[in-house]
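Asks: Need a 3D model of the following:
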Amino acid sequence: MPIRIDNELPAKQSLEIENIFVMSNMRADTQDIRPLKIIILNLMPTKLETETQLLRLLSNSPLQIDIDFLQVKTHEVKNVSKSHMDKFYKVFDDVKQDRYDGMIITGAPVEHLEFEEVDYWDELCTIMEWSKTNVYSTYHICWGAQAGLYYHYGIKKYMMDKKVFGVFPHTSLDDTHPLMRGLDDVFYVPHSRHTEVRRQDIAQVKDLQIISYSEIAGVHIVSDMECRKFFVTGHSEYDRDTLAKEYFRDINKGLDIEIPYNYFPNDDTKLVPQINWKSTGNILINNWLNYFVYQKTPYDLNNL
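Replies: Residues are numbered from 1 along each chain as shown. Next comes the predicted model:
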């Protein structure tokens, strides 16, 4: 089934080239069904790439999904045009009276700052507080996961001695958890971050459960006991070349950056990376949509 997006969103053409079923607003309005309502708070500077990556995952589902994009108005966007943001993105005042089945909060390249030093931190806190009553289930990614754990539970982030950068093996800590269904005993996930949340801190919070872990990259997925909040430190939505672009960008800036772990074949940066995380990304998003959004949210979102 399709995702419903604006007919002029740049991601639409890329997705259609991949034979991904997207539906325009005009066509969707003629269908008498109740689609899932998902809102994406996109904090990434590479907004167009992130839009396409997330829409690609959300589209691989038998469910029809209506998508809204949300931006923070207290931060100036520099890497995408104002016309794009004005046309395709809403601000919190536009949606604060609305209700959604699900929400995705992306990462952001602000790890070097304390949470309170981020220029849109207060607005993000307002949005996360709103999500408690106006969103059934929220899926936080990377820095968004760290921000959510800090806001909701007071869990701190810590600077790493070196960047967690590459594609790492993971294992499930709860094979019976619906989010983990269908994953291999060992599955791979890209990470790109300078900070971490620690297992021992999360263990002190009775409402939280770590359900996925990497011996190299650390905590991967944390769930609250109601399964209404998920915190995911990796990037299963990444494209084949996302880590490569980041690596070469930093090399060109003269930064001290290591070759991404387990990414380039034989660590040869001239070779094309092989994807070994795509199925994991699809399984996680589909399990989230199916078990914790579609099967849990009421038909009438006013009953959240």
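
Asks: longest single strand anywhere in this protein?
Replies: Taking DSSP state E as the criterion, the chain has its longest strand at strand 158-172.

Asks: ok, residues contacting that one?
Replies: For strand 158-172, the surrounding residues in contact (Cβ atoms under 8 Å, 6 or more residues apart in numbering) are 111, 180, 183, 185-198, 211-218, 220, 234, 243, 246-247, 257-258, 260-263, 276-277. Backbone N, C-alpha and C define where each C-beta goes, glycine included.

Asks: So which of those are in strands?
Replies: The members of the contacts of strand 158-172 that map onto strands under DSSP E are 187-196, 211-214, 218, 220.

Asks: quick one: which of those residues is most hemmed in?
Replies: Within the ones in strands among the contacts of strand 158-172, most neighbours by other Cβ atoms under 10 Å means P190, with 29 neighbours.

Asks: need the contact list for that residue.
Replies: Taking Cβ under 8 Å, 6+ apart as the test, what P190 contacts is G166, V167, F168, G234, H235, S236, Y238, T242, L243, Y263, W277.

Asks: swap in K206?
Replies: K206 touches M225, counting by Cβ under 8 Å, 6+ apart.

Asks: pLDDT score assigned to it?
Replies: At K206, the model reports a pLDDT of 96.

Asks: how about the nearest residue to E258, chain neighbours excluded?
Replies: Leaving aside its chain neighbours, E258 sits nearest to F165 (6.5 Å; criterion: Cβ to Cβ, 6 or more residues apart in numbering).

Asks: Neighbours of the one you found, how many?
Replies: Around F165 there are 23 other residues, counting by other Cβ under 10 Å.

Asks: Can you name the residues bridging to it?
Replies: Beta bridges link F165 to S192, judged by DSSP bridges.

Asks: Kindly provide the distance from it to H194.
Replies: Taking Cβ to Cβ, to the nearest Å as the measure, F165 falls 9 Å from H194.

Asks: Kindly report the same for S212.
Replies: Between S212 and H194 the computed distance is 20 Å (Cβ to Cβ).

Asks: Over to T233?
Replies: Taken as Cβ to Cβ, the span from T233 to H194 is 12 Å.

Asks: what does L36 give?
Replies: As judged by Cβ to Cβ, L36 and H194 stand 34 Å apart.

Asks: Also Y89?
Replies: 27 Å.

Asks: Now that H194 has come up, it's in contact with H112, right?
Replies: Yes. Judged on Cβ atoms under 8 Å, H194 makes contact with H112 at a distance of 7.0 Å.

Asks: shared neighbours of those two, which are they?
Replies: Between them, H194 and H112 share no contacting residue under Cβ under 8 Å, 6+ apart.

Asks: my read: L41 touches T126, true?
Replies: No. L41 lies out of contact with T126 (Cβ under 8 Å); the separation is 11.5 Å.

Asks: of those two, who's got more company?
Replies: L41 (24 against 15).

Asks: Mind pulling the model confidence for the more buried one?
Replies: For L41, the predicted pLDDT is 98.

Asks: just P35 next, same as before
Replies: pLDDT for P35: 86.

Asks: Make residue 1 into 58 and carry on from there
Replies: Noted, 58 is the first residue going forward, which turns the last one into P92.

Asks: Based on its surroundings, how many neighbours for it?
Replies: When neighbours are counted by other Cβ under 10 Å, P92 registers 18.

Asks: for L312, same thing?
Replies: Applying other Cβ under 10 Å, we find 10 other residues in the vicinity of L312.

Asks: and D179, that's in a strand?
Replies: No. The assignment for D179, made by DSSP: H, G, I helix; E, B strand; the rest coil, is helix rather than a strand.

Asks: Return the set of buried residues in the longest strand of the chain.
Replies: K220, V221, F222, G223, V224, F225, P226, H227, T228, S229 (16 or more other Cβ atoms under 10 Å).

Asks: Likewise for stretch 344-361?
Replies: For stretch 344-361, burial by neighbour count (16+ other Cβ under 10 Å) applies to N344, W345, L346, N347, Y348, F349, V350, Y351, T354, L358.
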